[in-house]
Structure formats: C-alpha cells, structure tokens
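J.: When you get a sec, could you give me coordinates for this:
(one chain, ligands or ions: 1)
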Amino acid sequence: MMMQEYINQAEQDLLHTYNRYPVVFDHGDGVHLYDIEGKEYLDFVSGIAVFALGYNNKAYNDALKEQIDKLLHTSNYYYNVPAIEAARKLKKVSGMDRVFFTNSGAEALEGMIKTARKYAFTKDGTTDHEIIAMEHSFHGRTMGALSVTGNPAYRAPFEPMIGNVKFAQLNDFDSVLAQVTDKTCAILFETVQGEGGIYPATEEFMQKVRALCDEKDILLMLDEVQCGMGRCGEMFAWQRYGIKPDVMASAKALGCGVPVGAFMMTEKVGQASLVPGDHGTTYGGNPFACAAISKVLDLFEEQNITEHVKEVGAYLSEQLDVLTEKYDFVETHRGVGLLQGLVCNKPVGDMIKTALSEGLVLINAGANIIRFVPPLVITKQDVDKMIEILDRCLAAHC
Ligand SMILES: *Cc1c(COP(=O)(O)O)cnc(C)c1O
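T.: Below is the predicted model of the structure:
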C-alpha cells in the first residue's frame, strides 16, 4: 500500500483524537526516520522527548531482545531482577529513596497526587487537602493529571475535575503564597514547562518554594516527565538548582521507547504515605519495561549524555539566536539544553508542515512556538543541518 492509502485507512479506523501529519514512518536509525516510501527525515522531535539515545541503538535493542526471550511479565506480586536493578540505578541518579514504576507519565502523576493526599491524611487524619499547581502546565490526560493541568480548554468538557486543586503562576512566588492554606498538601510544577511554552522555573522561584514547603511540611512535587532524563543537561532538571524535591515523576525518555514511567520520593514521604493496598498497577515495573530502563541508565552513563547535552544545547541556543535576529516574526527563543523553543508572533503549524516536506521533523508547543526536543545524541552537524532547513522554511513563511 502507498502512504496515502494507509493514511485513509487510519482515518477510518482510529478514533480521531489527533490531527496527524501526513507521514507513515517505517523505521529509524540514529537521528533519522524513514517513511514507508523510503524518504529520510532528520528528527528533532524524538517521539516527543522520548528516543534520547536515537533510533536503532544496538546495545539497547539487544538488551530488550534478550529480555523478551527470558521473561516479559510476572506482575507486582513477585520480585524480578530487572525491576530491582532499575530501581537501584534510578535512585542513584535521582537521589530519591523509593521508586514506583508506572506505564506512562500521566500514571506517574496520578501516583504523585495520591502520595500527596495520603501523606497529608496520615499526618492529620482529615481529607480535603489541597494541591497547588501552575497555569500553563501540562501533566497528562487522565482525570487526576488533567485536574492539575493548567490549561482550561483541556479540562472544560470533562468537568468536574478532582477537587481541591488551585492554580498559581510559575515564577510568581506571591501567586503561590496567595493560594496556600493550612490544607495545602503539595505544590506541583514542571521544572521546565514543556507543552505550555518552554518556561524554565527561575532559581529564585525554586528556592522560595522549597523554603516554603520546608517551613509548612508541604510536599514539593516536580514533574520531570519531559525536562528530565538528561534533556536539560543534568539527569534531572531540578539538579541545576541545588535543591531536591520530595516527590518527582519521570517517563518519556526513561524507557527510550518502551512505555514506562516512575514516581519517586524521599524516605520520609515513603514512610508516611502509600502502604500495601493503597496503589498498584498490573504492568508497571514489569521485567521487559525495567530491562529498558536499566539499559537506558547504563548507556546514559557510559556515553556521558548530560555533558554532551550541555555542549550541543548551548550550540543550538546560539544558532537559534541567529534565526531570532534574522526574522521579524520570531520574537525570541528560550529553553534549556535540548528542550528549546522558537517563539513566533504567529501560528507555526504551516512552517512545521513545510519542514516535514523538506525532510525535517519538528513539533510545536502551543500555537506559536516551534519546539526542539531531538534525540540527546544529536551532534553540532545535525544542528547545522536542521538550522539550514528551518531557515528555508521560515523564509517561505515570512
Ligand atoms: C508528556 C507529559 C506528561 C504525560 O505523559 P504521558 O506518558 O503522555 O501520559 C506529563 N507531564 C509532562 C511534563 C509531560 O510532558
């Protein structure tokens, strides 16, 4: 079948919840994707910040194949070696003490929300505790994760949300203070807001929220699903601030393509929150998923990914400077490491479509921002190539 026939078929069979780009990908290699007609694309999306190690990584693929032949799944009623190893490695790189494996980012957020409520309940025996989340945040599409997502359009048709969620502004500490009551159990935000427009938390905001949480025994919960796993030049983006959250979520690049997530916490929270019977998952932490996590963490360390990201991220930033200077409709660019955005004063959808036809895969963040979330193994030459194509696409849409 040709590409258009597959697309027509998909549009008849799949629930129409996405306006997909008109391409059917077949395979990938390194930082390139290939469609079913053989055309090559330079990929600056990596499956939305997932394929950090690039496509068709042999060491990663071999580890998965080996695990498939051994054992895929047993459930959480039993121990398995890949989960034990993955948890130990994840604790080492995060400095957290307790790990719960999930199947997705949203599910990790669900676990964090339950952790916060249970921690507060354990303390005072009451319910109706409140969580403060941020405007323009994105935490996932399940009901709990949606309830803390600061995008009214995503929430509106699905009201009522879970209750007792209040919203403040990222980087406006007073707006957080204004929402704090003696019922506040957690303050939740993305260390760098992804979908909402690539806004990093400021150093000052982070320090003040941390101090407030310490003072009032409120849990600081950071969503590192997109900005974590090396993308911002540290294993987790909060490590740039010299603070530590009480609870955190990871997913996306954690499995580099195998659907996994995790929420993690300090020993103090672990000892006073979820206990047997409170939470569970059938698939979460299965041997196959954990073999992926384990290998990903090994390869990150072997390849010194975080140092590479710092270097190439800085280079990407410099190159985006050039485009920002060159085009009037480009207002600015911002971001950290290999989570960057080019902010335009008009919708970028058509520019992204042009880029795709030119063999460059890009994605937006909101209507007006082109987002760059490439595989973390991209090189400066790949950045040059991307900028060259993007430059042409921007010129075509002046
Ligand atoms: C993608 C994302 C999620 C949701 O993850 P899913 O795996 O899609 O459920 C949550 N938080 C952030 C910051 C994300 O970028």
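
J.: Burial check on the residue in the chain positioned nearest to the ligand, number of neighbours?
T.: Nearest residue of the chain to the ligand, counting by C-beta to the nearest ligand atom: G105, 2.2 Å away. Using the backbone N, CA and C atoms, a C-beta is placed for each residue, glycine as well. Burial of G105 is recorded as 29 neighbouring residues (other C-beta atoms under 10 Å).

J.: So it sits against G228, correct?
T.: No. Using C-beta atoms under 8 Å as the test, G105 is too far from G228 to be in contact (10.2 Å).

J.: any shared contact partners between the two?
T.: Counting by C-beta atoms under 8 Å, 6 or more residues apart in numbering, the residues touching both G105 and G228 are K252.

J.: which parts of the stretch 151-300 of the chain sit against the ligand?
T.: E190, G194, E195, D223, V225, Q226, A251, K252 (C-beta under 6 Å from any ligand atom).

J.: Widest-spaced pair of those residues?
T.: Within these, two members stand farthest from each other by C-beta to C-beta: E195 and A251, at 13.5 Å.

J.: more crowded one of these two?
T.: Shown here are E195 and A251; by other C-beta under 10 Å, A251 has more neighbours (28 against 21).

J.: shaky segments in the stretch 51-200 of the chain?
T.: Under the criterion pLDDT under 70, no range of the stretch 51-200 of the chain is flagged.

J.: so where do the helices sit in it?
T.: Taking DSSP state H, counting those that start in this stretch, the helices of the stretch 51-200 of the chain run over residues 58-70, 81-94, 105-124, 143-147, 152-155, 173-177.

J.: and the angle for the helix ranked longest in the chain with helix 81-94?
T.: For the chain, the longest helix by residue count, based on DSSP state H, is helix 305-326. Orientation check (axes from the mean of the first three to the mean of the last three C-alpha atoms, to 10 degrees): helix 305-326 against helix 81-94 gives 60 degrees.

J.: Show me what counts as buried in helix 305-326.
T.: Neighbour counts over helix 305-326 (16 or more other C-beta atoms under 10 Å) mark 305-306, 308-310, 312-313, 315-317, 319-320, 323 as buried.

J.: What's the first helix or strand after it?
T.: The helix or strand immediately downstream of helix 305-326 is strand 330-336, counting by DSSP states H and E.

J.: and that next one with helix 305-326, angle?
T.: Calculated by the same axes, to 10 degrees, strand 330-336 forms an angle of 170 degrees with helix 305-326.

J.: What mean pLDDT does strand 330-336 get?
T.: The average pLDDT for strand 330-336 rounds to 98.

J.: List the strands paired with that strand, with their directions.
T.: strand 339-344 (antiparallel) (DSSP bridges).

J.: contact partners of the strand it pairs with?
T.: With contact meaning C-beta under 8 Å, 6+ apart, strand 339-344 is reached by 49, 192, 194, 197-198, 226-227, 231-232, 313, 316-317, 320, 323-324, 329-335, 348, 351, 365, 368-373.

J.: Any idea how far it is from the middle of the chain?
T.: Centroid separation between strand 339-344 and its chain, computed with C-alpha atoms, centre = their mean, to the nearest Å, is 16 Å.

J.: go on, stretch 347-354?
T.: That offset, for stretch 347-354, works out to 23 Å (C-alpha atoms, centre = their mean).

J.: Please check the contacts of strand 339-344 and keep the buried ones.
T.: For the contacts of strand 339-344, buried by 16+ other C-beta under 10 Å: 49, 192, 194, 197-198, 226-227, 231-232, 313, 316-317, 320, 323, 330, 333-335, 348, 351, 365, 368-373.
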